[in-house]
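Visitor: below is the structure, and that's it, no one-letter string:
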């Protein structure tokens, strides 16, 4: 099995794992019940119970926080591994490489966020959020510029739309404008486009999709061109040099 097929499995698994980690950890939330509109994603990973956040005070108590933090780390690892395994088949050019580097940075942000919960190291957790929010969504805009990539070019419009949604939601989130979704709901709109894009990329590289030629593989020769070369004495037996 080509390495990029394994990478497709990693990319396909990242988003469902993250969503499952959120949903299952929320089930263990103590009173008051977890509110998807009020509570941030990071609240599920806080390791202590009590009041949290002076700018927006709320009670946080997540007894299953190891599950959430582990899910965030695993999500980031799957994205990074998936991108590295599919590196060569996405194509060449500055837009493709910039897309890959920005997406890797966004994936690393998930690892950092899970390794440093907000109430353990708020500064590093904030840095992780900036990597996920910023680099992850910028990667989608960069993917929209990859015209020469056989995989990214067909979904340039979708990449552009998702990137714009993610960046606009990021600006609204930091401006504390929730559009009725709540702060927690808006944060999920911020991270959703990048995760959806990784699934889209995984689908295009999955075993059910057409095979993708890897660089360095055997070159295909046009049989008609070969026959012409033989007739001209450049490729057949006994040809003179």
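Guide: Yes, it's here. Keep in mind it's a predicted model, so treat the numbers as computed, not measured.
Visitor: for residue 44, which non-adjacent residue is closest in space?
Guide: Of all residues not flanking residue 44 in the chain, residue 68 sits nearest, at 4.1 Å (C-beta to C-beta, 6 or more residues apart in numbering). (Each C-beta comes from the backbone N, C-alpha and C, glycine too.)
Visitor: count of neighbours near the one you found?
Guide: Neighbours of residue 68 under the rule other C-beta atoms under 10 Å: 26.
Visitor: pull the contacting residues for it.
Guide: With contacts defined as C-beta atoms under 8 Å, 6 or more residues apart in numbering, residue 68 is in contact with 21, 22, 25, 44, 45, 62, 114.
Visitor: please repeat the previous calculation with a cut-off of 7 Å.
Guide: For residue 68, the contact set (C-beta atoms under 7 Å, 6 or more residues apart in numbering) comprises 21, 25, 44, 45, 62.
Visitor: quick one: least confident of these?
Guide: pLDDT is lowest at residue 62 among those; the value there is 92.
Visitor: how near is it to residue 24?
Guide: Summarising the geometry, the distance separating residue 62 from residue 24, computed by C-beta to C-beta, to the nearest Å, is 11 Å.
Visitor: ok, these two, which is more surrounded?
Guide: For residue 62 against residue 24, the residue with the higher neighbour count under other C-beta under 10 Å is residue 62, and the figures read 25 against 14.
Visitor: for the more buried one, grab phi and psi.
Guide: Main-chain torsions, residue 62, degrees, to the nearest 10: phi -120, psi 90.
Visitor: who's in contact with it?
Guide: The contact partners of residue 62, taken as C-beta under 7 Å, 6+ apart, are 25, 29, 43, 44, 45, 46, 68.
Visitor: contact partners of stretch 3-15?
Guide: Outside stretch 3-15, the residues within contact range by C-beta under 7 Å, 6+ apart are 75, 78-79, 81-82, 85-86, 89, 195-196, 198-199, 201-203, 205-207, 212, 214.
Visitor: what residues of it count as buried?
Guide: Neighbour counts over stretch 3-15 (16 or more other C-beta atoms under 10 Å) mark 4, 5, 7, 8, 9, 10, 11, 12, 13, 14, 15 as buried.
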